[in-house]
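*Asks:* Structure, please.
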Amino acid sequence: MLADTQKSPTLSLLISDVLLLTKARLTLSVVFSSLAGYLLAVPSPSMWHILLLSAGGYGLAGASNAFNQIIEKEIDAKMMRTQNRPIPAGRMSVQVAFGIALTLLILGLGMLYSLNPKTAMFGAISVFLYTCAYTPLKTVTPLSVFVGAIPGAIPFMLGWVSATGSFGLESGILFMIQFFWQFPHFWAIGWMMHNDYQKAGINMLPTGKPGNATALQIIFYTLWTILISIVPVFGFTGALQLSVVAAVAIGVVGLILLWAGLRLYRSHSEANAKKLMIVSIVYITAIQWIYVIDKFI
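*Replies:* Below you'll find the model as predicted:
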């Protein structure tokens, strides 16, 4: 009885640490983006396809996050936000974390390859850019955000590619929507966490500091995000279509995102940066739901 009592908390802690290592909430949002892209591409969904895409997507996104934490273990130890991650907290060794990451990578690639080779290829490109380009560049230049926006934009279009086996205009639009969205989102995080990031030698803001110049860039990229999000309503994006009603709904959500950016421009507070970050998450989730609902009604 005593042995069973001791094992349970240990297993629970291990599961909790694996979820932290793979950044489960972030990874699930990546999976959701992929599923939205898939649903937009098919006349009727396949549960087996959804299962493989979800599990494979989680594997690759989780592997990327795990490799990221292995590389940034010393940086994570310096920041209050990341000190409790399993590696800097000393609850998990680098070897164990690497084993988990490698296993997830192999399984994820295998599942996506079973859908079609191009899906696995784009998934592999995403992991490579996130791990080998974005992560090391974070301590070198704020341009790392531009590099990181590429793997970050792949999930939405990956779902479309998994269904069609090809990359075309439609998947390109889905890629651009999530690509431009990431700038207001990650610059809001960079603004909010600026002091903590500075301790670790990271600067994610385009001008190097919070201020009007950074806020103006956030507003600029927000406008591009909104514009690209409604482009399919004009009817020249192939099989990717959007009704006028859906475009108006996206425009309304976009105005809320723009309003949050303008508030940050008027008042350079961490509270406003946090609100922008939250609104940006609501935006990308909402427009993906709008796209999918608009297709099936």
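*Asks:* Report the rounded mean pLDDT for stretch 118-127.
*Replies:* Stretch 118-127 comes out with an average pLDDT of 97.
*Asks:* Format the CA atom coordinates belonging to that stretch as PDB.
*Replies:* What follows is stretch 118-127, C-alpha atoms only, in PDB (Å, rounded to 0.1, in the frame of the first residue of the first chain):
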ATOM      1  CA  LYS A 118       4.300  16.900 -48.100                       C
ATOM      2  CA  THR A 119       2.600  17.100 -44.700                       C
ATOM      3  CA  ALA A 120       5.500  15.400 -43.100                       C
ATOM      4  CA  MET A 121       8.000  17.600 -45.000                       C
ATOM      5  CA  PHE A 122       6.300  20.900 -43.900                       C
ATOM      6  CA  GLY A 123       6.100  19.500 -40.300                       C
ATOM      7  CA  ALA A 124       9.900  18.700 -40.400                       C
ATOM      8  CA  ILE A 125      10.600  22.200 -41.800                       C
ATOM      9  CA  SER A 126       8.600  23.700 -38.900                       C
ATOM     10  CA  VAL A 127      10.600  21.700 -36.300                       C
END
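*Asks:* which other residues reach that stretch?
*Replies:* Residues outside stretch 118-127 that contact it (C-beta atoms under 8 Å, 6 or more residues apart in numbering) are 53, 56-57, 60, 63-64, 67, 105, 108-109, 112-113, 150-151, 154-155, 157-158, 161-162, 165-167. The C-beta positions use only the backbone N, C-alpha and C, and glycine is treated the same way.
*Asks:* Go through that stretch and flag the buried ones.
*Replies:* Within stretch 118-127, the residues that qualify as buried are 118, 119, 120, 122, 123, 124, 126, 127, counting by 16 or more other C-beta atoms under 10 Å.
*Asks:* which ones among the residues you listed are found in helices?
*Replies:* Among the buried residues of stretch 118-127, the members found in helices (DSSP state H) are 118, 119, 120, 122, 123, 124, 126, 127.
*Asks:* So residue 209: helix, strand or coil?
*Replies:* Secondary structure, DSSP: H, G, I helix; E, B strand; the rest coil: residue 209 is coil.
*Asks:* Quick check: closest non-adjacent residue to it.
*Replies:* In space, residue 209 comes closest to residue 194 once its chain neighbours are excluded; the distance is 7.4 Å by C-beta to C-beta, 6 or more residues apart in numbering.
*Asks:* Spit out the contact partners of that neighbour.
*Replies:* Each residue near residue 194 by C-beta under 8 Å, 6+ apart is listed here: 203, 205, 209, 210.
*Asks:* and the least confident of those?
*Replies:* Among the contacts of residue 194, residue 203 has the weakest pLDDT, 84.
*Asks:* That one against residue 190, yeah?
*Replies:* Yes - in terms of C-beta atoms under 8 Å, residue 203 counts as a neighbour of residue 190; the distance is 7.4 Å.
*Asks:* isn't residue 101 right next to residue 63, touching?
*Replies:* Yes - taking contacts as C-beta under 8 Å, residue 101 lies within contact range of residue 63: 4.7 Å.
*Asks:* Show me which of the two is the more surrounded one.
*Replies:* For residue 101 versus residue 63, the count of surrounding residues by other C-beta atoms under 10 Å is larger for residue 63: 27 against 24.
*Asks:* Thank you kindly, that will do.
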